[in-house]
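[1] Sequence and predicted model, in that order:
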Amino acid sequence: PLVVMLHGAGDSPQNYRSTSGFDDDALPKGYAVCYVAGTVNGKTGRNHSSWNYGRIEPDYDDVGFIKALVNYLVEEYSLDKDHVFCAGFSNGGFMNFRLALEAQHTFLACVSVGGDLCKTLWNKRPDNNDVGMLVVYGENDESIPKNIDGSAKTALDPAIEDVIDYMASSNGLEKQSEDEIGNGSIISKYGADSDKDIVWGVLVKDAKHAWYTEEINVISTNKLILEFFENWR
């Protein structure tokens, strides 16, 4: 199985690999991991690498690019085309929501850490979806609109809780469980039955905008992602 990793705005695949350490955990479990570089495009108003996650429409097609990259990697390295996943942080997390909506035939599941579904895509979201989704966000992440702290009332994008509910309902899923993990963090699992949870939402207690680790947050983002992907293996 292949995992595509999308960095945050202004970051690089090399730095994302170093700071997340995801391949250190994923490779021993039999995954192939590819860290991908976003495009530098001055028309976005930011002169650094980022992903076209749907807020504006610059003149590059990241959905098409990532789908083409996956097709190349699967063929070139004889990877499992039926088990392709994506994960991303911040701007890369936003992009994962777009891929979940617009690349359903490419990815089995996507992961957003510190990202949300932008209003542009929210307003034209499809009624049905069959891509699994893991959403991880910090209780004190100021970049994520939330109902729990009222920040969604004045935000441009929808509340992350509403987005998670949509990802579940569009998959025909209902909440199966809500449990405490780590030091007060909450994981909610949605599935069609008790044996198959394919949308998870994780609220990280007292956490800001970060790639969460056991040393700092008592939970590991890497372990959560790999546990989530095991639903399809």
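    Received the coordinates, thanks. Numbering: from 1, shown residues only.

[2] Report all helices and strands that the longest helix belonging to the chain contacts.
    Longest helix in the chain, counting residues (DSSP state H): helix 62-76. With contacts taken as 3 or more CB pairs under 8 Å, 6 or more residues apart in numbering; DSSP states H and E, helix 62-76 sits against strand 2-6, strand 32-36, strand 84-89, helix 91-102. For the C-beta atoms, the positions are set from N, CA and C on the backbone; glycine is no exception.

[3] could those go into TSV alongside mean neighbour count and mean pLDDT?
    Supplementary listing: the helices and strands packed on helix 62-76 in TSV, determined by neighbours: other CB atoms under 10 Å; pLDDT from 0 to 100:
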stretch	mean neighbour count	mean pLDDT
strand 2-6	24	98
strand 32-36	19	98
strand 84-89	26	98
helix 91-102	26	97
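
[4] Strands of this protein, start to end?
    2-6, 32-36, 39-40, 49-50, 84-89, 109-113, 132-138, 174-181, 185-193, 196-204 (DSSP state E).

[5] contacting residues around the first one?
    Strand 2-6 is contacted by residues 13, 16-17, 20, 22, 26, 31-36, 38, 51, 66, 69-70, 73-74, 79-80, 83-89, 91-93, 95-96, 229 when judged by CB atoms under 8 Å, 6 or more residues apart in numbering.

[6] do the fourth one as well
    By CB under 8 Å, 6+ apart, the surrounding residues in contact with strand 49-50 are 7, 9, 10, 11, 12, 37, 38, 39, 40, 41, 44, 91.

[7] Partner strands of it and their direction?
    Next to strand 49-50 in the sheet, as set by DSSP bridges, lie strand 39-40 (antiparallel).

[8] And the fifth one, by the same measure?
    Here the strand partners of strand 84-89, with direction, are listed using DSSP bridges: strand 2-6 (parallel), strand 109-113 (parallel).

[9] In CSV, list these along with distance to residue 154.
    Shown next, in CSV, are the strands paired with strand 84-89 (distance: least, CB to CB, whole Å):
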stretch, distance to residue 154
strand 2-6, 28
strand 109-113, 22
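
[10] Out of the ones you listed, the one nearest residue 123 is which?
    With respect to residue 123, and counting by CB to CB, the nearest of those is strand 109-113 at 18.4 Å.

[11] okay, the angle between that closest one and strand 196-204?
    When axes from the mean of the first three to the mean of the last three CA atoms, to 10 degrees is applied, the directions of strand 109-113 and strand 196-204 differ by 10 degrees.

[12] CA atoms of strand 109-113 as PDB?
    In PDB, the C-alpha atoms belonging to strand 109-113 read as follows (Å, rounded to 0.1, in the frame of the first residue of the first chain):
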ATOM      1  CA  ALA A 109      -8.800   7.000   2.900                       C
ATOM      2  CA  CYS A 110      -7.400  10.400   3.600                       C
ATOM      3  CA  VAL A 111      -6.000  12.100   6.800                       C
ATOM      4  CA  SER A 112      -6.200  15.700   7.800                       C
ATOM      5  CA  VAL A 113      -4.100  16.900  10.700                       C
END
